[in-house]
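Novice: just a sequence and a predicted model for now, questions to come.
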Amino acid sequence: MRSYQQYCPVARGAEVFAERWTPIIMRNILYGCETFNQIADGAPGLSRSLLTKRLRELERAGVITITPKEEGHGSLYLPTDAGLALEPVLNALGAWGEMWMEVRPVHAEPGVILWSWCQVYLKRDLLPKERVVVRFDFEYRGRPDRAWLLIQKGEAELCATDPGYGDDLVVEVNDTMVFARWHLGHIDWANALRSGGITVRGRKDLRKALPTWNRRPEIGKRLRGARGDARLTANLVYHLEDDTLQTRVSHESSPPIGRR
């Protein structure tokens, strides 16, 4: 971790937070990712060796703790008080990105969108009580790929391999930008389907319910309504995201989506 050799608190904070991949790693940890694989799932493109290095740097900086699991192999990565205090920093950065940065195809990786939806924004109270399997077909770096959302007993898990119960819904992501823009609340579900960017096959009741399981479009609409008022946008991010962060996922993650 390099130093700017300046007393300024911005410079001192940037020594920790402005390293490449560090904001993404801290975002994942604050979203409830506690294991190495869970953190890696939300950061495709980050090598395991660099992730290991960044986690050790964050531990030395006093931002996270690394402790062995009580059962099994591996470690748990948990935020300290200093790490939790980065939450409003990330919210403010997210508000700035929402207000000033346009979504481009390079940002629209379906596997990451699915990870975000299922790890952070899934409305578990609206999930069906019966077992339901939703298969997502998409392209990852120009090659066909798949992921499955397994719902059972009011809980959900994103799987990189077929859970083996048969597919109740099949979602085809034909245009990754449409999928990303719906997730962010830039377009509604009906327009996404009408455009052909997303197609859904399966039971009518499940097709109708599927978009209601994602709370991120609702947040995005409210953020866009506040666009142009930086303080209002940051305040909305803080309160809306904080409400989401209270529902953290602690189960062991499946193999990384889109990185087999």
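Specialist: Noted; the coordinates are in hand.

Novice: buried residues in stretch 119-129, which are they?
Specialist: Residues of stretch 119-129 classed as buried: 119-122, 127 (neighbour count, 16 or more other C-beta atoms under 10 Å). In this view, the C-beta of every residue, glycine as well, is placed from N, C-alpha and C.

Novice: next, the distance between the ends of that stretch.
Specialist: Chord length of stretch 119-129, first to last residue, is 19 Å (C-alpha to C-alpha, to the nearest Å).

Novice: and if you look at stretch 41-57?
Specialist: End-to-end for stretch 41-57, by C-alpha to C-alpha: 20 Å.

Novice: for my notes, confirm V16 occurs in a helix.
Specialist: Yes - under DSSP: H, G, I helix; E, B strand; the rest coil, V16 falls within a helix.

Novice: which parts of stretch 198-218 are buried?
Specialist: Buried-residue list, stretch 198-218, by 16+ other C-beta under 10 Å: 198, 200, 202, 206, 210-211, 213-217.

Novice: R135 against V170, yeah?
Specialist: Yes - with contact defined as C-beta atoms under 8 Å, R135 reaches V170; the gap is 4.9 Å.

Novice: check for me that E157 belongs to a strand.
Specialist: Yes - under three-state DSSP, E157 sits within a strand.

Novice: once you drop chain neighbours, what's closest to it?
Specialist: Once flanking residues are discounted, E157 sits nearest to L150: 5.0 Å by C-beta to C-beta, 6 or more residues apart in numbering.

Novice: host element of the one you found?
Specialist: Element membership for L150 (DSSP states H and E) is strand 143-152.

Novice: show me what counts as buried in that strand.
Specialist: Residues of strand 143-152 classed as buried under the neighbour-count rule (16+ other C-beta under 10 Å) are 145-152.

Novice: looking at these, which is nearest R224?
Specialist: R224 has its nearest neighbour among the buried residues of strand 143-152 in L149, at 26.3 Å by C-beta to C-beta.

Novice: just grab the bridge partners of that closest one for me.
Specialist: Following DSSP bridges, L149 is listed with bridge partners V134, L158.

Novice: surely it is in contact with P128?
Specialist: No - when contacts are counted by C-beta under 8 Å, L149 is not listed as touching P128 (11.5 Å).

Novice: re the thing from before, now, which of the buried residues of strand 143-152 sits nearest P163?
Specialist: In terms of C-beta to C-beta, no member of those lies closer to P163 than L150, at 4.7 Å.

Novice: surely that closest one is in contact with G164?
Specialist: No - using C-beta under 8 Å, L150 is not in contact with G164; the gap is 9.6 Å.

Novice: which secondary structure element contains the residue lying closest to A192 once chain neighbours are set aside?
Specialist: Closest residue to A192 apart from its sequence neighbours, by C-beta to C-beta, 6+ apart: W182 at 4.4 Å. For W182, the host element (DSSP H and E) is helix 176-183.

Novice: show me what that helix is in contact with.
Specialist: By C-beta atoms under 8 Å, 6 or more residues apart in numbering, the list of residues contacting helix 176-183 from outside reads 103, 105, 107-110, 113, 116-117, 138-139, 173, 187-189, 192, 195, 197-198, 211, 214, 216-217, 220.

Novice: let's verify the residue lying closest to W21 once chain neighbours are set aside: helix, strand, or coil?
Specialist: Leaving aside its chain neighbours, W21 sits nearest to L46 (5.3 Å; criterion: C-beta to C-beta, 6+ apart). Three-state call for L46 (three-state DSSP): coil.

Novice: quick one: L46 from P105, how far?
Specialist: 20 Å (C-beta to C-beta, to the nearest Å).

Novice: ditto for S75
Specialist: On the measure of C-beta to C-beta, S75 and P105 end up 36 Å apart.

Novice: swap in D188?
Specialist: 21 Å.

Novice: of these two, which one has the most company?
Specialist: D188 (14 against 10; other C-beta atoms under 10 Å).

Novice: all set, thanks.
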